[in-house]
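In: heads up, no residue letters with this:
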């Protein structure tokens, strides 16, 4: 049977709940489609031309029946909506203590960067039994990060960050597929998510060091590209200090309030005129073309390490 | 047979006879046949692309064609099927043919505009053919940015020009239908005495005129960005690739209702005739058509649940998507109730209509799965979606198209088709269709993404089943042209009303004369004046 239907139990916490929803939908579908099809077949046989069934008195309307077959489906639909919307809210809300890993998608591979600097291509090692949050962006076109075994998927866009979280309940290897058409290599843009038990994961981290933690990489970039020339106390340029900035809600020059999250930091580096902080003049140059997505993520990690301010969690 | 020849000669088919008279006709019935020829040709092109795709998908490895070729195949399949077959199919052929006849008019309100619609269709089609001959386009029919605007190396601008032009063909036809139904109804033919086929095309025309201009603008933006780098979808210039998706789906979701509402109109005409019974709940059927049209404009974000759209927007679109399923359900219940205490016969049109109900139901119910947010996260961009929309577009609209072909064939040609072959083809189509597309639900639910040239080996069996089904379906599609062509020469004479159907079109000769009615008819009663007790044996 598994050659025909290669089904396996969901390997994530939320995946199990999504499977329950899918089973519920299957039951409803079989009842409705089966029921009405059966009714049509019964009518087709019973009322075929020349049969002796009674044909007199079929009403042109039946308000009570119609009220039932409008209200009952509506109630069922609203029930399904509520069930799935609640699950969706859970899917879209990563836990605060999730381990953050960065993913940069490009035609046609997945680049993974761990907070301590480990780098992977087309593979993602995660600890089983712990929530993992992926912060993702694309270097070119829209891709989509899809792990069928976890029942999770999120489009990965250029120019902004999207997030996806999951908790692998079982150690194992799970296929990673690109699910948004992205050109020639779309169906070859595959990878594996490898969930390891905690000790094995710790060992993996040790055995595969990268070029220093993300924060230290970011700090080096911060100096190398001259950011500290303006964004420091010694500077004569009136640039905001970044200590404690991450996570804070700030006022913009046009009066709006924004949260300083990874998207805001990325925009500030690449499109500094887009959201100018109140009280500052828009003199910051753009670093478009000088930094790639991995480096921007490292800078985001560095700015975040300068302390988080009060305000909603990112 | 001698009684047939004068019937053709004096009808709209025979007089006048030259090719030039056909290409410059203002007769809505001739324009309908011009469309029939064109859409059939494009259907063949898109079906060939599908055949090649299903051949490739027999094995997990991408070994029949290159990845780029495969991507071009699914793009041409989608572009041609959506804009050059499905959207025009029932309205431009049967709508053109029947709306004036059904309302007792001599022609549509703007006959020259009608001809211009066909020429625009043909011009758009030429663009697409030219794109194909020049090497094709590989963006998918959805043209997502920034791939389409900044990364694709294929003939994107030519392709979007073709779609832009054919969009106006659609808009002109819709304007024509709206004015025709408002202004040219025969005396006594009030709105609520109109056949549901007319209502269905009217509702469709409202959607077309409101939605298609948005498509035109969106395609123009793609061309502008590709040619002149205006950057509205380019994040490096402050643009937003997600904006494209909102604009595109704002049109393309109503577009699916453009593709299914006319089919529902056909089903209502056929079911009533072959059950010998008035439609159950006529007014609710009308309100459902209008309700689907209206709410259909409010659900586009359900194509974007994982796109980066906000979670709260997702919830609003999900709720509205569940609401739009209510009028569709009402229609299915009303068709079923029409069968109750009817007197049913199962000629080919009825088989196709019943097939529509079953397959539309299956497609519609899986729409609920996709409207359910958390389920959609897993199912979107997989073969589950592909199966869902093919159940509605092919299991629904294409089968209704075949129902219409068989039901009105005698009216247009004056000939009857061979019923045993037609029934066989209908049943074969139903079986072949399910074998092709049901395995795709399973493949998608098990995680197989769409638009995949090569796929993980565990999906092989399901793909083999699907491709086998496609070959059965191909045979089922090839049979009707063969026996219908045969019937043109050898079919029995049909007479004006071979089905004993109600409706003004059946009061004219078969085929009708160019001017339709010798005297403007008067209508004094609701449609579908059938009586199941009087049916007996026909």
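Out: Yes, it's here. No experiment lies behind these values; they were computed from the predicted model shown.

In: residue B:526 contacts residue B:278, doesn't it?
Out: Yes - counting by Cβ atoms under 8 Å, residue B:526 does reach residue B:278; the two are 7.3 Å apart. Backbone N, C-alpha and C define where each C-beta goes, glycine included.

In: which one's more surrounded, those two?
Out: In this view residue B:526 and residue B:278 are compared by other Cβ atoms under 10 Å in any protein chain shown, and residue B:278 has more residues nearby, 20 against 16.

In: please identify every residue contacting each of residue B:526 and residue B:278.
Out: The overlap between the contact sets of residue B:526 and residue B:278 (Cβ atoms under 8 Å, 6 or more residues apart in numbering or on different chains) is empty.

In: show the average pLDDT along stretch B:364-382.
Out: Mean pLDDT, stretch B:364-382: 97.

In: run the chain-centre distance for it.
Out: Distance of stretch B:364-382 from its chain centroid, counting by Cα atoms, centre = their mean, to the nearest Å, is 23 Å.

In: would you list every one of the strands in the stretch 251-400 of chain B?
Out: Here the stretch 251-400 of chain B has no strands by DSSP state E, counting those that start in this stretch.

In: could you list the low-pLDDT ranges of it?
Out: Along the stretch 251-400 of chain B, no part satisfies pLDDT under 70.

In: which residue does the stretch 301-450 of chain B bring closest to chain A?
Out: With Cβ to the nearest Cβ, the shortest gap between the stretch 301-450 of chain B and chain A falls at residue B:447, namely 2.7 Å.

In: what's the neighbour count on that residue?
Out: Neighbour tally, residue B:447, other Cβ under 10 Å: 26.

In: ok, it - contacts?
Out: Counting by Cβ under 8 Å, 6+ apart, residue B:447 touches A:146, A:148-149, A:175, A:177, B:378, B:382.

In: doesn't it belong to a strand?
Out: No - per DSSP: H, G, I helix; E, B strand; the rest coil, residue B:447 lies outside any strand segment and is coil.

In: just the element for residue B:489, please.
Out: helix B:460-490 (DSSP states H and E).

In: mind checking the SS state of the closest residue to residue B:213 other than its chain neighbours?
Out: Residue nearest to residue B:213 in three dimensions, not counting chain neighbours: residue B:171, with 7.1 Å by Cβ to Cβ, 6 or more residues apart in numbering or on different chains. With three-state DSSP as the basis, the three-state label of residue B:171 is helix.

In: and for the one 5 residues further on?
Out: Assigned state for residue B:176: helix (three-state reduction, three-state DSSP).

In: doesn't residue B:115 make contact with it?
Out: No - with contact defined as Cβ under 8 Å, residue B:176 does not count as touching residue B:115 (10.5 Å).

In: right, is the strand or helix carrying residue A:145 up against chain B?
Out: Here residue A:145, judged by DSSP H and E, is contained in strand A:143-147. Yes - contact of strand A:143-147 with chain B (Cβ under 8 Å from any Cβ of the partner chain) involves A:144, A:146.

In: contacts for that strand?
Out: Contacts for strand A:143-147 (Cβ under 8 Å, 6+ apart): A:12, A:103, A:105, A:110, A:134, A:136, A:152-156, A:164, A:166, A:174-180, A:182, A:189, A:193, B:306, B:381, B:447, B:449.

In: can you pull out the low-pLDDT segments for the stretch 51-200 of chain B?
Out: For the stretch 51-200 of chain B (pLDDT under 70), the answer is none.

In: chain A too?
Out: Ranges of chain A meeting pLDDT under 70: A:1, A:309-314.
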